[in-house]
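Trainee: Compute the structure for the input listed below.
(chains A, B, C and D)
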There are 2 protein chains.
Amino acid sequence: MNCPTMPTSVDGSRQKLLASAERLFAERGFSGVSVRDIASGAGVNSALVGYYFGNKLGLLSAVYLRHCKPLNEERLRMLREFSRQPGGATLEQVLEAFLRPALVDAPDHNGRSEFTRLRSIISGENSALLEETIAENFDRPGRTFVDALARCLPHLTREDVLWRFHFLLGSLYHTGAHASRICILSGGQCDPSNAEASLAQLIPFMAAAFRSPQVLTEPADRLSYAAV
Amino acid sequence: MNCPTMPTSVDGSRQKLLASAERLFAERGFSGVSVRDIASGAGVNSALVGYYFGNKLGLLSAVYLRHCKPLNEERLRMLREFSRQPGGATLEQVLEAFLRPALVDAPDHNGRSEFTRLRSIISGENSALLEETIAENFDRPGRTFVDALARCLPHLTREDVLWRFHFLLGSLYHTGAHASRICILSGGQCDPSNAEASLAQLIPFMAAAFRSPQVLTEPADRLSYAAV
DNA sequence: GTCTATATACTGATAGAC
DNA sequence: GTCTATCAGTATATAGAC
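Mentor: Numbering: from 1, shown residues only, chains lettered A, B, ... in the order given. This is a model prediction of the structure:
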């Protein structure tokens, strides 16, 4: 069954290291974890990190590359599917195509939601060397989704859509990070690690927000809602 | 002018260390920066970190405590002021009272927005020892604001309000982190480091989102917008 | 491919002079 | 309060045996 020319999922040291790194980076960030910890978690020798990935950053980069393509391909596949219907994709569908693949673990590619948590944590750290990888893999799909959102929202300027997309990203990252604050405040009622519950709340919430009228650019630079 | 009994803003080593730590922690996180870097940035000897704060974590804790109280006091002060008018505070006003003090630097307390960026980065890291500090300082104001939001939104369950508050926090943190992704995507049009522009976009966006109808709890555990 | 051993640098923390 | 000096531990990375 194990074809040597195309090993499907042999637990080689390389794969073990990738899995361990993904788990630990998502848990403690890049600087918060050592290559020794990763190797120990994978049950392999720490020198193999150098052999397979060059150095620690190469390992993080490999974790990124393993997930970037499948994630964005599924996003775009869902978007294309939704867009085929007459009238094009609804706003809710565009949002679902963007959010669902990031939060729900696919049956073939596990760790999809863990990868979202990883991105959330790493995005804060000084990841100047990852900047290129991120830009190459997320800029184009990002633009595609901004375009799709703009098509659903002809009353908005592109600047408005971009701001709203930025807020959407924040909510997605915060949800993917499994922030426990809301869990504690709610006494366990709200659990962001429940992907389906998060999507059921996040999609209609964001749809209503995106549909709100265009923001007027105030001449005053200090806008306050004190004076109604 | 310098009264010795109450030195207003003498640049003692302690204050220099706090300022340097705040800047560097906000930039690179807790594990990403060393006490030597912080001391060097402050222009003081690294041994003074132990003298004034005990250890590195004590320094982070001191940075937190310096900002927590003024931040939340201003939030609550604004909320009380808005609530005095007949009919109570509007939804937009509750949101402004929560968001503005976190994003705009007060004239007396500088680094308010930097502190929001700090919290954003640290919240991802394993900060189990800060958990207590955060809970003590943010749980009560958080509950107060959830209550105020719920009063504006009688059509929602408390669980709905909590979910939406969670999404609001995500957008706030992501904006406070000065995420550069949107800046690049927009060609500089959208700049989250511009606090007033962020507030002008974020408040009406979130107000519309909070006002959206209650989320129906679906019997199916996989809700999809494919079938309209 | 996988291991041991190690080079080299940096980490947080502290003892003790001034 | 501030300094120098230094401890013990850990970091990443690599050279070289097998």
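Trainee: Once you drop chain neighbours, what's closest to residue A:103?
Mentor: Nearest residue to residue A:103, sequence neighbours excluded (C-beta to C-beta, 6 or more residues apart in numbering or on different chains): residue A:195, at 4.3 Å. For every residue, glycine as well, the C-beta is placed using N, CA and C.
Trainee: Pull up the residues of chain A that are close to DNA strand C.
Mentor: By the rule C-beta under 7 Å from any atom of the strand, the part of chain A lying against DNA strand C is A:12, A:13, A:14, A:44, A:45, A:46, A:47, A:48, A:51.
Trainee: From the residues you listed, list the buried ones, please.
Mentor: Buried members of the residues of chain A next to DNA strand C, counted by 16 or more other C-beta atoms under 10 Å in any protein chain shown: A:13, A:14, A:44, A:48.
Trainee: Quickly name whichever of these is closest to DNA strand C.
Mentor: residue A:13 (3.4 Å; C-beta to the nearest atom of the strand).
Trainee: which SS class is the nearest residue to that closest one once chain neighbours are set aside?
Mentor: Nearest residue to residue A:13, sequence neighbours excluded (C-beta to C-beta, 6+ apart): residue A:44, at 4.5 Å. Residue A:44 falls in the coil class when you classify it by DSSP: H, G, I helix; E, B strand; the rest coil.
Trainee: so residue A:44 sits right up against residue A:15, yeah?
Mentor: No: using C-beta atoms under 8 Å, residue A:44 is not in contact with residue A:15; the gap is 10.1 Å.
Trainee: In PDB, list the C-alpha atoms belonging to stretch A:109-129.
Mentor: Listed next in PDB are the C-alpha coordinates belonging to stretch A:109-129 (Å, rounded to 0.1, in the frame of the first residue of the first chain):
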ATOM      1  CA  HIS A 109      -6.000  19.100   5.600                       C
ATOM      2  CA  ASN A 110      -6.100  19.000   9.400                       C
ATOM      3  CA  GLY A 111      -4.900  21.900  11.400                       C
ATOM      4  CA  ARG A 112      -6.700  24.600   9.300                       C
ATOM      5  CA  SER A 113      -8.000  26.400  12.400                       C
ATOM      6  CA  GLU A 114      -4.600  25.900  14.100                       C
ATOM      7  CA  PHE A 115      -3.000  27.700  11.200                       C
ATOM      8  CA  THR A 116      -5.300  30.600  11.600                       C
ATOM      9  CA  ARG A 117      -4.300  30.800  15.300                       C
ATOM     10  CA  LEU A 118      -0.700  30.600  14.200                       C
ATOM     11  CA  ARG A 119      -1.100  33.500  11.800                       C
ATOM     12  CA  SER A 120      -2.800  35.500  14.400                       C
ATOM     13  CA  ILE A 121       0.100  35.100  16.900                       C
ATOM     14  CA  ILE A 122       2.800  35.500  14.300                       C
ATOM     15  CA  SER A 123       1.300  38.600  12.700                       C
ATOM     16  CA  GLY A 124       2.000  40.500  15.900                       C
ATOM     17  CA  GLU A 125       5.700  39.500  16.100                       C
ATOM     18  CA  ASN A 126       8.500  41.000  14.100                       C
ATOM     19  CA  SER A 127       8.100  38.800  11.100                       C
ATOM     20  CA  ALA A 128       9.900  41.000   8.600                       C
ATOM     21  CA  LEU A 129      11.400  37.900   7.000                       C
END
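Trainee: that older thread, now flag whichever of the buried ones among the residues of chain A next to DNA strand C is closest to DNA strand D.
Mentor: residue A:48 (8.2 Å).
Trainee: okay, the closest one: pLDDT?
Mentor: pLDDT, residue A:48: 98.
Trainee: That one contacts residue A:39, doesn't it?
Mentor: Yes: the criterion here is C-beta under 8 Å, and residue A:48 meets it with residue A:39 at 6.8 Å.
Trainee: Identify the contacts common to these two.
Mentor: residue A:17 (C-beta atoms under 8 Å, 6 or more residues apart in numbering or on different chains).
Trainee: Spell out, range by range, the helices that occur in chain A.
Mentor: If DSSP state H is used as the criterion, the helices of chain A fall at A:13-28, A:35-42, A:47-53, A:56-83, A:91-103, A:112-124, A:131-152, A:158-176, A:181-185, A:195-211.
Trainee: can you tell which of those is closest to residue B:25?
Mentor: helix A:112-124 (10.8 Å; C-beta to C-beta).
Trainee: So is the closest one next to DNA strand D?
Mentor: No: between helix A:112-124 and DNA strand D, judged by C-beta under 7 Å from any atom of the strand, nothing touches; the nearest distance is 14.3 Å.
Trainee: Give me the contacts around that helix.
Mentor: A:22-23, A:25-26, A:28-30, A:60, A:63, A:67, A:71, A:101-106, A:130, A:172-174, A:176-178, A:193, A:195, B:29, B:120-121, B:124-125, B:177, B:179.
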